[in-house]
Each structure stands twice: as C-alpha cells, then as structure tokens.
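1. Just a sequence and a predicted model for now, questions to come.
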Amino acid sequence: MKPTDTADATRATVRKVLGLRLAGDTEALTALFADEVDRLLAESPSRVPSR
C-alpha cells in the first residue's frame, strides 16, 4: 500500500466514524470494532539492550 493509499484509507475511516457519531448511529459505530483483538506488546524498555 502506497502512502497516499494509506492516507486516503485513514481519511475515509475517520470520516465514516465521525459521520456515524454525528448521526448518533451507535449500532453502526460499534459494528466497526472487532469483537476480538490480538495484542502484541513491546517489551519493557529496561529489558531492551542499549546500543
């Protein structure tokens, strides 16, 4: 994905979220979020070797 494609996709998503929020469409807004999320958290900075 090119940077312009990423920017356009982000812009479209933000517009959709804001439009649904302004319309008060809570059901459609919550449908945009995933039911399950996998998280990969970074290690503690104190464990990262210094350069």
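-> Looks like it arrived, so ask away.
2. Could you export the helix or strand hosting Glu27 as PDB, CA atoms only?
-> Mapping Glu27 onto the secondary structure by DSSP states H and E places it in helix 26-31. Provided in PDB are the C-alpha atoms of helix 26-31 (Å, rounded to 0.1, in the frame of the first residue of the first chain):
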ATOM      1  CA  THR A  26     -24.300   3.800  17.900                       C
ATOM      2  CA  GLU A  27     -25.100   0.400  16.400                       C
ATOM      3  CA  ALA A  28     -23.200   1.000  13.200                       C
ATOM      4  CA  LEU A  29     -20.300   2.700  15.100                       C
ATOM      5  CA  THR A  30     -19.800  -0.300  17.400                       C
ATOM      6  CA  ALA A  31     -20.000  -2.700  14.400                       C
END
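3. Mind checking the pLDDT average for it?
-> Along helix 26-31, the predicted local confidence has a mean pLDDT of 93.
4. So which other helices or strands are in contact with it?
-> Contacts of helix 26-31 with other secondary structure elements, assessed using 3 or more CB pairs under 8 Å, 6 or more residues apart in numbering; DSSP states H and E, are made with helix 3-23. Every residue, glycine included, has its C-beta placed from N, CA and C.
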